[in-house]
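> this is a predicted model, with the sequence first.
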Amino acid sequence: MRMKVLVTGGGGFLGCHIVELLLKRGYSVRAVGRRRQPILESRGVECQRGDISFQDDAYKAVRGVDAVFHVAGRAQLDMKFHAYYNTNVVGTKNIVRACEYYGVTKLVHTSTPAVVFNGNGFSGGDESLPLRKRYHWFYSRTKAMAEEFVLKHNSERLKTVALRPHLLLGEGDPHLMPKIIRSVERGKLRMVGDGTNLVDITFVDNAAYAHLLAFDALDAGKVCGKAYFIGQERPVNLWEFINMVLKNVGLPPVRKRVSFRRAYFLGRLMETWYKYFRWSKMPPMTRALAVALSKDHYFSHERAREDFGYAPQVTIEEGLSSLIKILRIQVKVLKVPSYSLG
């Protein structure tokens, strides 16, 4: 009998890549999400529409499966704490409790390095870094609460593991690079700090591959109840990387700068202003964004290599080449004006 696996958020950026790997293994796959997923349906995936922050939807999604990849989460940039909390915390608790209720034996949870964010940079930090108690961003706070809950519920009956891929890039990216391109086209992106900060990136194929490796390793028990950072073979200079991509899709490089101190001050001011007026959208600058754009944030992946054999299958150079091809098409479709380098 074929193993049946649930992927929450299976129609999302990372989720659909995990689904594809599961299908290649011959597993029966179910995906749950708020919208219809005609592409997944065409691939033979059982798709359920539902919101896992509602207990009934979460239990319905889990009923009858053998294992779960919990990928769904809210990562939008806005000021709606309860929206983050309902999806990232309540939704995760519902999935874990449903797994326990129905006797699911394995759960792989998608977390984020943001759970250790403390307002400072990280240069090669490892999994000994503690979860924070105070955060500048609702996403970080709620994802930390979710990860902690998942790992505390690791048991002999339900084996759990959490992965923390950083800055996902690749085909189907709805967030990072499209937003950078739009900001550049509008002339709104500024380099924060001195432009020398190093960051981890993760091409989505590698992140999906890591999830399957961790899933397999749950059987041996070594990874159970643990969290792991996931990234590429080395960090990249953030602004050099961004400008390289922009150059290759025919857009101007980011040259204008603002100091970290000024950006952080503006972020604090804007956050206060937006909260006072109860505006739900995210301010154009926040303290968390100022830190992310100006400081090092890369991590050691040694524990993932040792415990379940993770090593990037797609190199930075290969991933960048593929990414540029995709972005060139997007820029052309969006009719963004090209930029002459000569």
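Right, received. Where do you want to start?

> the stretch 51-200 of the chain: helices as residue ranges?
Along the stretch 51-200 of the chain, the stretches classed as helices by DSSP state H, counting those that start in this stretch are 55-62, 81-84, 91-102, 138-152, 176-185.

> nearest to His297, out of the ones you listed?
helix 138-152 (12.0 Å; CB to CB). The C-beta positions use only the backbone N, C-alpha and C, and glycine is treated the same way.

> tell me the mean pLDDT over the closest one?
For helix 138-152, the mean per-residue pLDDT is 95.

> just the buried residues of that helix, please?
138-151 (16 or more other CB atoms under 10 Å).

> with stretch 26-33 instead?
27-33.

> between these, which is nearest Ser300?
Tyr27 (31.3 Å).

> distance of the nearest residue to Gly26 once chain neighbours are set aside from Ala114?
Spatial nearest neighbour of Gly26, chain neighbours left out: Arg2 (6.5 Å); criterion: CB to CB, 6 or more residues apart in numbering. To Ala114, Arg2 is 36 Å away according to CB to CB, to the nearest Å.

> so which of these two has more stuff around it?
Ala114 (22 against 10; other CB atoms under 10 Å).

> roughly how far does that one sit from Arg141?
9 Å.

> before we move on, what about Arg328?
37 Å.

> and what of Ala207?
22 Å.

> now swap in His301 and tell me
Counting by CB to CB - His301 and Arg141 are separated by 24 Å.

> ok, back up a step: phi and psi next, for the residue nearest to Gly26.
The phi and psi values for Arg2, taken as degrees, to the nearest 10, are phi -70, psi 140.

> list the contacts of it.
For Arg2, the contact set (CB atoms under 8 Å, 6 or more residues apart in numbering) comprises 26-28.

> just for the stretch 201-342 of the chain, where's the confidence low?
332-342 (pLDDT under 70).

> mind running it again at 90?
Across the stretch 201-342 of the chain, the ranges flagged by pLDDT under 90 are 271, 274-289, 326-342.

> which residues in it form strands?
202-203, 226-230, 236-237, 257-258, 297-299 (DSSP state E, counting those that start in this stretch).

> just give me the longest helix of this protein.
For the chain, the helix reaching the highest residue count under DSSP state H is reported as helix 316-334.

> buried residues of it, list them for me.
316, 319-320, 322-324, 326-327, 331.

> give me the number of residues near the closest residue to Tyr264 other than its chain neighbours?
In space, and not counting its chain neighbours, Tyr264 is closest to Ala290: 4.3 Å by CB to CB, 6+ apart. Residues lying near Ala290 (other CB under 10 Å) number 25.

> just confirm Asp173 contacts Val204, I think it does.
Yes - assessed by CB atoms under 8 Å, Asp173 is found in contact with Val204 at 7.3 Å.

> now for the two: what residues contact both?
With CB under 8 Å, 6+ apart as the test, Asp173 and Val204 both reach Phe13.

> between those two, point out the one with more neighbours.
Each of Asp173 and Val204 has its neighbours counted (other CB under 10 Å); Val204 has more, 22 against 19.

> and the residue nearest to Gly319 when sequence neighbours are not counted, how far from Gly231?
By the measure of CB to CB, 6+ apart, the closest residue to Gly319 outside its immediate chain neighbours is Phe203, 3.7 Å from it. Look at Phe203 and Gly231: by CB to CB, they are 10 Å apart.

> one more: Gly11?
24 Å.

> comparing the two, which shows the higher neighbour count?
Gly231 (27 against 24).

> residue contacts, that one?
Neighbours of Gly231 in contact, by CB under 8 Å, 6+ apart: 165-166, 200-202, 298-299, 301, 312.

> what's the closest of the residues you listed to Lys281?
Among those, His166 lies closest to Lys281 (CB to CB), at 24.9 Å.

> quick one: the closest one and Phe299 touch, right?
Yes - counting by CB under 8 Å, His166 touches Phe299, with 6.9 Å between them.

> quick check: neighbours shared by the two?
113, 200, 229, 231.

> burial measure for Glu41, as a count.
For Glu41, using other CB under 10 Å, the count is 13.

> my guess is it contacts Cys47, does it?
Yes - Glu41 is within contact range of Cys47, at 5.3 Å (criterion: CB under 8 Å).

> check contacts around the closest residue to Ala83 other than its chain neighbours.
Using CB to CB, 6+ apart and skipping residues adjacent in sequence, the residue nearest Ala83 is Arg74, 6.1 Å away. Listed by CB under 8 Å, 6+ apart, the contact partners of Arg74 are 83-84, 87-88, 139, 142.

> can I get those in JSON lines with distance to Tyr59?
Formatted as JSON lines, the contacts of Arg74 follow (distance: CB to CB, whole Å):
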{"residue": "Ala83", "distance to Tyr59": "22"}
{"residue": "Tyr84", "distance to Tyr59": "22"}
{"residue": "Thr87", "distance to Tyr59": "16"}
{"residue": "Asn88", "distance to Tyr59": "18"}
{"residue": "Tyr139", "distance to Tyr59": "26"}
{"residue": "Thr142", "distance to Tyr59": "21"}
